[in-house]
Each structure stands twice: as C-alpha cells, then as structure tokens.
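S.K.: based on what follows, work out the 3D shape:
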Amino acid sequence: MGLDDQSLRRRVKDEIRTRMRQVRKALPAAVRAERASRIHAALFELAEWKEASSVLVYASMRTEVDTGPVVERARAEGKRVACPRMSDDGAELDPRVWEAGVTPYEQGRLAPEPPPEAHRMPLDQLELVIVPALALDPRGGRIGYGKGYYDRLLARIPEVARVAVAFDFQLLAEIPETEGDERVHVIVTDARVLDCRA
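M.R.: Residues are numbered from 1 along each chain as shown. Model (predicted):
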C-alpha cells in the first residue's frame, strides 16, 4: 500500500533533518562562529528586534547558531529575556524568565532549559521569538527537530514576531509542510534576511 501525502511529506522532512544535521556538523567551528556573528549583526538591525522589549531565545546546543551573544545583547539593551522550558507533562514549551547568571542546562529532555524554579513569563508579555531550525524556505516554512514543540508554541502566540536564525545552506527552495506546521515571519542567515510575510 502506498504512502498517503502527509506520510510522504513527513518522510521527506525526516530525510532533510538527517542531511542538515550532517552538513551543519561538518562545518568547522571557526567558520560556524564567523557565520553566526554575521547572523547576530543582521538580527540586531531588524525592526522586530529593536522594537521588542521582551524576547524568547532558545539556548543553543552543539552546532546550532550560537544564541549566547543574542542573550547578552538583549540584556544590554534592557530587554526581558525568556528561554523555553518543557512543561511538566512534556506536551508544551513554557517561556521561563532567563535571569542573568543562570545557565540553561540539558536535563535529558529536549534542549538546554532553565531550572524548574525559573519564573514563567506570561505569553502575552512576549514580543519576539527567536526560533531554531534545521531547514527553512522563503515562505517561512520550517523544519525543526520533529516533535512539534515550537509549532504548538507559535500557534498559541500568533501575533508575536517570529524570527528564525540559520546558516544560509539551511535555506531550501521549498520544504514540505505537514499538518500543524507554523511558519516564521523573518529568516536571518549569514548571507541574507528574508521577510516571509511579503
């Protein structure tokens, strides 16, 4: 029996995830750092960044675009910073206040997270979300890590600006979308900035 359309799309997305992880891992650390600095510079010039008084930033791991400088810049500019933490039931991402001096750490779940005692930041206080991605397309289509956490979070805050940061090779002509996928509004790479709402 053949695969239905959604199953085929999910299979293709899994293949893209595997390929992008391998390509990103092959990038030398020094090159990755240099490209990330270009991404940071472009991000800080966005109107979405300049106008936001609060920002949700993922704690980067391994070969992702380093978000350390993003957090530092946000604090220097007086922005409130939050970091996602998986809910106790493992179903959602909850924004938690990311206090200065607190380092999110991997707790065997999804990604580095703030500690359990970190205060929740109400969703209606968020003004900008920095979104991780394995692959993106010019429409704002995004492939994440496959669990749908960010898609569910973004669906809860449809009016909040969504900016994905990624290396330019992670931008594809088109990626397959599946039920529940949420698009981002802006993509920042080391080579370009795309407004996906146009």
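S.K.: quick one: the lengthiest helix in the chain to chain centroid distance?
M.R.: Of all segments of type helix in the chain, defined using DSSP state H, the longest is helix 5-26. Mean C-alpha position of helix 5-26 versus that of the full chain (C-alpha atoms, centre = their mean, to the nearest Å) differs by 17 Å.
S.K.: Ala36 and Thr63 touch, don't they?
M.R.: No: counting by C-beta atoms under 8 Å, Thr63 is not a contact partner of Ala36; they are 10.3 Å apart. Using the backbone N, CA and C atoms, a C-beta is placed for each residue, glycine as well.
S.K.: next up, the contacts around Val186.
M.R.: Applying C-beta atoms under 8 Å, 6 or more residues apart in numbering, we find Val186 in contact with 46, 48, 161-164, 193-197.
S.K.: quick one: buried ones out of the residues you listed?
M.R.: 46, 48, 161-164, 194, 196 (16 or more other C-beta atoms under 10 Å).
S.K.: check which helices and strands the longest helix of the chain is in contact with.
M.R.: strand 135-136, strand 142-143 (3 or more C-beta pairs under 8 Å, 6 or more residues apart in numbering; DSSP states H and E).
S.K.: single out the most deeply packed of these.
M.R.: Highest mean neighbour count among those (mean count of other C-beta atoms under 10 Å): strand 142-143, with a mean of 25.
S.K.: so what strands line up beside it?
M.R.: Note on strand 142-143: by DSSP bridges, its sheet partners are strand 135-136 (antiparallel).
S.K.: ok, Ala36 and Thr63, which is more surrounded?
M.R.: Higher neighbour count among Ala36 and Thr63: Ala36, with 21 against 16, using other C-beta atoms under 10 Å.
S.K.: host element of the closest residue to Val193 other than its chain neighbours?
M.R.: Distance criterion C-beta to C-beta, 6 or more residues apart in numbering; nearest residue to Val193, sequence neighbours excluded, is Ala42 at 5.4 Å. Taking DSSP states H and E as the definition, one finds Ala42 inside helix 29-43.
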